[in-house]
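Asker: below: sequence and its predicted model.
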Number of protein chains: 4
Amino acid sequence: MRWPRRNDAASIAARRDAIRAVVGDEPLAHDEEAWARAQESHTGAAVIPVAVVGPLLLELGRYELEEPAGTLRETGRAREEILVPLAHTEGGLSASMSRGLKAAEASGGFRTYVLHDRMTRASCFICKSTEDAVHLARWLEASVEDLRGFLAALDDPALSKRAKLREVKTHVVGPMCHVLWAWTTGDACGPNMMTRNSYALNMGFVMQQAPVKPERALLEANMGGDKKPSFEFFQSGHGKTVLAEATLSSDTVRRVLRTTVDDLLELSWAGTHGAVASGMQSVAFTPASAIAAVFACTGQDLGMVGTSSMAHGTGHRTEDGGIQAAIRFPGLEVGTVGGGTTLPYARSWLELMGCAGSGKVHRFAQIVAAAALALEISASAAMATAGSEDFFRAHHERGGLR
Amino acid sequence: MRWPRRNDAASIAARRDAIRAVVGDEPLAHDEEAWARAQESHTGAAVIPVAVVGPLLLELGRYELEEPAGTLRETGRAREEILVPLAHTEGGLSASMSRGLKAAEASGGFRTYVLHDRMTRASCFICKSTEDAVHLARWLEASVEDLRGFLAALDDPALSKRAKLREVKTHVVGPMCHVLWAWTTGDACGPNMMTRNSYALNMGFVMQQAPVKPERALLEANMGGDKKPSFEFFQSGHGKTVLAEATLSSDTVRRVLRTTVDDLLELSWAGTHGAVASGMQSVAFTPASAIAAVFACTGQDLGMVGTSSMAHGTGHRTEDGGIQAAIRFPGLEVGTVGGGTTLPYARSWLELMGCAGSGKVHRFAQIVAAAALALEISASAAMATAGSEDFFRAHHERGGLR
Amino acid sequence: MRWPRRNDAASIAARRDAIRAVVGDEPLAHDEEAWARAQESHTGAAVIPVAVVGPLLLELGRYELEEPAGTLRETGRAREEILVPLAHTEGGLSASMSRGLKAAEASGGFRTYVLHDRMTRASCFICKSTEDAVHLARWLEASVEDLRGFLAALDDPALSKRAKLREVKTHVVGPMCHVLWAWTTGDACGPNMMTRNSYALNMGFVMQQAPVKPERALLEANMGGDKKPSFEFFQSGHGKTVLAEATLSSDTVRRVLRTTVDDLLELSWAGTHGAVASGMQSVAFTPASAIAAVFACTGQDLGMVGTSSMAHGTGHRTEDGGIQAAIRFPGLEVGTVGGGTTLPYARSWLELMGCAGSGKVHRFAQIVAAAALALEISASAAMATAGSEDFFRAHHERGGLR
Amino acid sequence: MRWPRRNDAASIAARRDAIRAVVGDEPLAHDEEAWARAQESHTGAAVIPVAVVGPLLLELGRYELEEPAGTLRETGRAREEILVPLAHTEGGLSASMSRGLKAAEASGGFRTYVLHDRMTRASCFICKSTEDAVHLARWLEASVEDLRGFLAALDDPALSKRAKLREVKTHVVGPMCHVLWAWTTGDACGPNMMTRNSYALNMGFVMQQAPVKPERALLEANMGGDKKPSFEFFQSGHGKTVLAEATLSSDTVRRVLRTTVDDLLELSWAGTHGAVASGMQSVAFTPASAIAAVFACTGQDLGMVGTSSMAHGTGHRTEDGGIQAAIRFPGLEVGTVGGGTTLPYARSWLELMGCAGSGKVHRFAQIVAAAALALEISASAAMATAGSEDFFRAHHERGGLR
């Protein structure tokens, strides 16, 4: 079988004709011209239904990057009500998140903080010896300014001026000098732009000017976390590091979540120890459900669902007997410009949250984190509900069982 | 703000009217009636473009479960050419997978094997003491037959006859008796059916009949891997454990992948040690991109992209100087019936692969694994390409950089 | 029993007098002998001082292995007072463990349970293909009886009849068929005996009789946990899996440990989340200090301190406001015969605990676990003490600072 | 230098005679003293035999710390032959390390590099809210100069002037602000001195002056790696970060190690993937055996054997067909002053290596790393030996079996 691979009209038509008898007309009927620019071998469409839930009551921060270090500075905070779109086919997810939103709203809403903002590309230089690798590492760590200057001087349209080099972190093991190039990428998620720039650093600067000659340069060698969960990712982040928190009164827990603070804390205790016992690097309840649902309707890269779902959730009793629920996302890999965000549908759903276009990426990251925490709260409550036993007995002995 | 939450026609219309001015008509125009049954607060749609690539040349196994142990038995093998649909907006993904498919085709194609098939729900019983938890664990491990009998005798339509209990694994830590209920779930992915059945076991059997009375039963306490990557998941699986392999000749590597076997092996070496250095539990190159793209067009649960992407990839030189590329997926959480697989679009794309409906789940799992390996091969080649340095110099010194 | 705790001449003499009849003169004076049979290039000696602390009030189980499966059966329980020898030069360790022992004694003592008993050697067969590796794995898992028969028929004095093969666990990744040979090793720790037997299985059985011919057999390839901490070790064990527990009243916590149950639970909460945040596989407070001190005086292999210290500690509030402190050791790699245990000093210190020779290994493992929990309790209390702030202010502002 | 290796009376006498002038009579005979100052409840002694192996041919660096950042600067390199004392009762260990030393010597010896030098104490401040914890973290990270000044101004003899604060690293999760106080500790290992100083910072500075009032200060909450292996420890170190390397010719591998470079590389490949498959954080072959043996005779803290054995080993083919073996120790927790190093025996064995007292700690760390690599090389060779199969057949079919 010779399968046409290009994206010209004839090839697209040929692919469609070849499979129409099997898949039917429906998935081949979307003729949005932008699709063919987004992917090779474009052929048809997948449609995922979108629920809209809300309101998400949120106090969130505004941030800007200080130059040249790229440190985040909080310039203000605001309080808003936001509607959240969720693309999914998992029954119960939207209802559960709605319940979590309602519980938080009844207790004053969510608060979010962005701590850190970096994307990293993990290259590796294989040297002749450990000695060379050590020398290379020392030189690289001392060359940040020169590396920035090199990029600034390049006039290559393939490179991105938006991707700014912030730090260079090396890790030598054997003759390998692994390098984490750490970038900020503006309002784009940024994997492509930082990849091109990293390639330029590797080939145009390091391989030309390093005091020791590496035997080989590898553009990516797994230390950075690009679509690959790791402890490095969990600790140091990749994308936006965001904290979200809500404090629920005991009355809210009982009335909205139909459980008790004691029940939630016992679940949190057993669940954390279950996480340890099973070797979870990332300890939370079900963040991936929320992350995937928001990502799928906003043009984010779905291959990043696993990494962006890395999270550390905690629950703590408050002085007045309520519960403080919090979650830390080390790396929400989100964008509000570039990639899939500019395509139809995605841009519309970003607009719904006031997150389309420039200057919105920290806002979007905070909304994602808060929405995920809403689901954590509600899903935990469902697993911890007091009186499960009575419920089962009533339902099964008197009801369904005979 | 009071936001309508139900799925009746009036509520859907109300939600649409409320946001039409912001999101526009397009995402609200899909009136497929099935959507509202799939999710609560249904409002609109997200559309993701689908590329079709191929052919995937694959020798795959046929499997059946032996009763009552649930062991997989291979009943035959077949060789096929398959077209693979990919929903994504990541530029280059389809082209790269196409190249990997071509390379494998030139060397005889892929071979896949399904080793294991289980879904687990991780419950936890908090007891009065370690002593009680130890007693409970011993009793549970000795009660598998009774537990199966209990479920068989229940005549509750809420329970699933398709979800069959296969093993009971306990883990005691402190007063907690964690329990992994291990199920097979037919051709469905199965999280809902096994959750309902596990709940019945917890409340109807354990809490009623256990020789020691647990203080508390928690339906889920994180040991099982449901949307949560863990070492337990990486080692023991959750869903289908699938191996895929392709052996590429050195000529194919040079001609199709534009690199060399030495380059690929060096990348594999440095990448594996980079993975160790960064604490990756799951060591492969970019499996999540492929998993996400197939999942998004076939109605799989996108919240499972992270877990189903856990993988262990290896490369090894063959006697005749080629390379054997292999990948192990411990838990592909896939279904060909139930959940999102029955919805429009999803069902069509499953049909394209001959994977819609009953008796297809092991076939589907193997296609997913082989497609992911195709991307691994091609993406690795792109990062390992010999002569990167020359390429950069030519392009930048004589070209763009002037 | 009132045990003297001070270090004045009278107390030291009193302790020596009290145990001289059990341990003999030797460890209380000194005499070199027989070292040259224990190690190559023998030259001199290292001496580490030994404290004796106690009593350790312990309710412990008696166990036997059921044939042929090797399952542990508890045949009885007893309550004893035991003196514990600790070889170390870390100031404060003995005093801290003493305090933990006292706290537990005041609340009824420790309880311990042995759950599992296995040593594993992780071999690996590299095959021509994944297909071959899969076939080899299936054959190995079905050959346990034949493998046992092969060993039983061998009349080679280099092999051990004490090391009994219990299970064969395979793990295929790429063309590698990793094999965990799981043994019981009687009262010896057993690494040497199982290594020799595993070698015989690899070379005499597998390489001769396997239906597919592996290209290479490696005696050890890192899956088993021999001196190498891993999640596999943490979950499935290597040596004796032992649980220990003590329940302390709030009064005891205040009076003996000088802190409160609230303080201990807050430390446990923050410490568990700190462990998650730093990527600890093994989550406890300072088990290695206790393990090392007992191992160093009883002839255990000090290279196993890291693995045997893998532990999972928990704290939970009891109904009457006390705290239940528990710890799970997945693999205490201990022996009471063979290796260093037969040498002078080591044998004497084992005698002190009634743990020298045959039939004592499960007893010894339980004493080690309980002693380690004693230190966990006391060291935690020291880090969680209420009023630290007042203490500091009093000491520094009024005292030491001017 | 020809070092006698056998265990006959003459060889033992020869080794004793050769080193008596350096180590004195004491470790070669025995005499108890001063132990009661090292531990509470002192009672007796444990004696562990000590082998002396060598020579270790080593090119090692000299280092000094730059003020105030505490960065290591290499001030020179030297080449030496060193004798290594090993306290252990594991048969074969000394012989195996001797073989590794011989193999390296035949190929030019070992080379070592110290990259980093830090001890950390992980405290935690529990705050009222995530907001407070974020504010506290920002303030702490900006207060390094003030924190140093606070310590410098304190005139408390309980505090250490040797322990110098270098960095403050925070990690916020929920209301917890974890803090890693990073110190250099001169030539001492330093846990006690940095603990006292950290306590002073917590209680005297943070709890008094922080802009938000923490609810609670915990001196240690598990993020730092004190006797607790973690990914944080593996990546960022605790103690001295040391790299060691040796390059062996194929001839040396065949003649001294009785195996081939191919065999060693295959073992390295399978062993690394076995490590990944079993979830080892620290990937090497058997570093703990060497670490424990050197620690036990030099007065190091044996509770640190597990952490100091964390290592990352690699093997790589050289251009001329040899093998480059390397190992990275992220945190060798060693001292040459303080703690057990000042006691009899320990001090003598340190003297043997020229490592007793001030200004020796980086030298000692490098010797430990090189000795451990010697054992890695030899033990790997033993597991990878070509012709194992022939060996077994010859031995068992013709020899032992009948």
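Answerer: On my side now, so go ahead. Residues are numbered from 1 along each chain as shown, chains lettered A, B, ... in the order given.
Asker: please name the bridge partners of residue A:165.
Answerer: residue A:183 (DSSP bridges).
Asker: what is the burial count for the residue in the stretch 1-150 of chain A that chain B sits nearest to?
Answerer: Closest to chain B within the stretch 1-150 of chain A is residue A:89: 3.1 Å, counting by C-beta to the nearest C-beta. Placement of C-beta: from N, CA and C, glycine included. Each residue near residue A:89 was counted by other C-beta atoms under 10 Å in any protein chain shown, and the total is 24.
Asker: that one contacts residue B:345, correct?
Answerer: No - the pair residue A:89 and residue B:345 does not pass the contact test of C-beta atoms under 8 Å, sitting 10.5 Å apart.
Asker: quick check: neighbours shared by those two?
Answerer: Common neighbours of residue A:89 and residue B:345 (criterion: C-beta atoms under 8 Å, 6 or more residues apart in numbering or on different chains): residue B:299.
Asker: what sits against residue A:113?
Answerer: Per C-beta under 8 Å, 6+ apart, neighbours of residue A:113: A:61, A:74, A:242-243, A:366, D:130-131, D:134.
Asker: element containing it, please.
Answerer: strand A:110-126 (DSSP states H and E).
Asker: and that strand, which residues are buried?
Answerer: For strand A:110-126, a neighbour-count test (16 or more other C-beta atoms under 10 Å in any protein chain shown) marks A:110-126 as buried.
Asker: which residues does the residue of the stretch 51-200 of chain A found nearest chain C contact?
Answerer: Relative to chain C, the nearest point of the stretch 51-200 of chain A is residue A:115 (13.5 Å; C-beta to the nearest C-beta). For residue A:115, the contact set (C-beta under 8 Å, 6+ apart) comprises A:72, A:241-243, D:134, D:172.
Asker: what about 10 Å?
Answerer: Counting by C-beta atoms under 10 Å, 6 or more residues apart in numbering or on different chains, residue A:115 makes contact with A:63, A:72, A:74, A:237, A:240-243, A:328-330, D:134, D:137-138, D:170-172.
Asker: the residues you listed in strands, which ones?
Answerer: Those of the contacts of residue A:115 mapping onto strands are A:63, A:72, A:74, A:240-243, A:328-330, D:170-172, per DSSP state E.
Asker: show me which pair in these is furthest apart.
Answerer: Maximum pairwise distance among the ones in strands among the contacts of residue A:115 (C-beta to C-beta): 19.3 Å, between A:63 and D:171.
Asker: those two: which is more packed in?
Answerer: Neighbour count, other C-beta under 10 Å: between residue A:63 and residue D:171, residue D:171 has more, with 25 against 21.
Asker: who touches that one in this structure?
Answerer: Applying C-beta under 10 Å, 6+ apart, we find residue D:171 in contact with A:115, A:235-236, A:312, A:328, A:330, C:273-274, C:277-278, D:122, D:124, D:133, D:137, D:177-180, D:223, D:232.
Asker: let's see that with 6 Å instead.
Answerer: Listed by C-beta atoms under 6 Å, 6 or more residues apart in numbering or on different chains, the contact set of residue D:171 reads C:277, D:178.
Asker: quick one: buried residues of stretch A:93-109?
Answerer: The neighbour-count check on stretch A:93-109 (16+ other C-beta under 10 Å) flags A:93-107, A:109 as buried.
Asker: typo on my end, it should be stretch A:65-74
Answerer: Residues of stretch A:65-74 classed as buried: A:65, A:70, A:72 (neighbour count, 16+ other C-beta under 10 Å).
Asker: with pLDDT added, can I get those residues in JSON lines?
Answerer: Output for the buried residues of stretch A:65-74, formatted as JSON lines (pLDDT from 0 to 100):
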{"residue": "A:65", "pLDDT": "96"}
{"residue": "A:70", "pLDDT": "95"}
{"residue": "A:72", "pLDDT": "96"}
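Asker: go back to the residues you listed and keep what's next to chain C.
Answerer: Near chain C, judged by C-beta under 6 Å from any C-beta of the partner chain, there are no entries from the buried residues of stretch A:65-74.
Asker: out of the residues you listed, who's nearest chain D?
Answerer: Of all the buried residues of stretch A:65-74, residue A:72 has the smallest distance to chain D: 10.2 Å, by C-beta to the nearest C-beta.
Asker: tell me the contacts of residue A:77?
Answerer: A:59, A:61.
Asker: mind checking what helix or strand follows the one helix or strand it maps to in sequence?
Answerer: Element membership for residue A:77, per DSSP H and E: strand A:71-87. With elements assigned by DSSP H and E, the helix or strand that comes after strand A:71-87 is helix A:93-106.
Asker: for that following helix, which helices and strands make contact with it?
Answerer: Applying 3 or more C-beta pairs under 6 Å, 6 or more residues apart in numbering or on different chains; DSSP states H and E, one finds that helix A:93-106 contacts strand A:42-66, helix A:361-384.
Asker: can I get that helix in CSV, CA atoms only?
Answerer: This file holds the C-alpha atoms of helix A:93-106, laid out as CSV (Å, rounded to 0.1, in the frame of the first residue of the first chain):
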residue,chain,number,x,y,z
LEU,A,93,-16.5,14.7,35.6
SER,A,94,-18.4,18.0,34.9
ALA,A,95,-20.9,17.4,37.7
SER,A,96,-18.1,16.6,40.1
MET,A,97,-16.1,19.7,39.3
SER,A,98,-19.3,21.8,39.5
ARG,A,99,-19.8,20.5,43.0
GLY,A,100,-16.2,21.4,44.0
LEU,A,101,-16.7,24.9,42.5
LYS,A,102,-19.8,25.3,44.5
ALA,A,103,-18.1,24.2,47.8
ALA,A,104,-15.3,26.7,47.3
GLU,A,105,-17.6,29.5,46.3
ALA,A,106,-19.5,28.9,49.6
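Asker: tilt between it and helix A:361-384?
Answerer: Relative orientation of helix A:93-106 versus helix A:361-384 (axes from the mean of the first three to the mean of the last three C-alpha atoms, to 10 degrees): 100 degrees.
Asker: could you list the residues in contact with helix A:93-106?
Answerer: Identification of contacts with helix A:93-106 by C-beta under 6 Å, 6+ apart yields A:51, A:53, A:56-57, A:86, A:110, A:246, A:248, A:252, A:256-257, A:289, A:374-375, A:377-379, B:5, B:39-41.
Asker: ditto for stretch A:254-273
Answerer: Residues from elsewhere that reach stretch A:254-273 (C-beta under 6 Å, 6+ apart): A:102-103, A:106, A:250, A:253, A:315, A:323, A:380-381, A:383-386, B:124, B:173, B:176, B:218, B:221-222, C:272, C:314.
Asker: cool, and stretch A:131-144?
Answerer: A:127, A:168, A:170, A:172, A:175, A:177, A:210-212, D:113.
Asker: check stretch A:52-67 too.
Answerer: Stretch A:52-67 is contacted from outside by A:72-77, A:79-85, A:94, A:97-98, A:101, A:105, A:109-114, A:184, A:362, A:366, A:370, B:1, B:3, B:15, B:41, B:43, using C-beta under 6 Å, 6+ apart.
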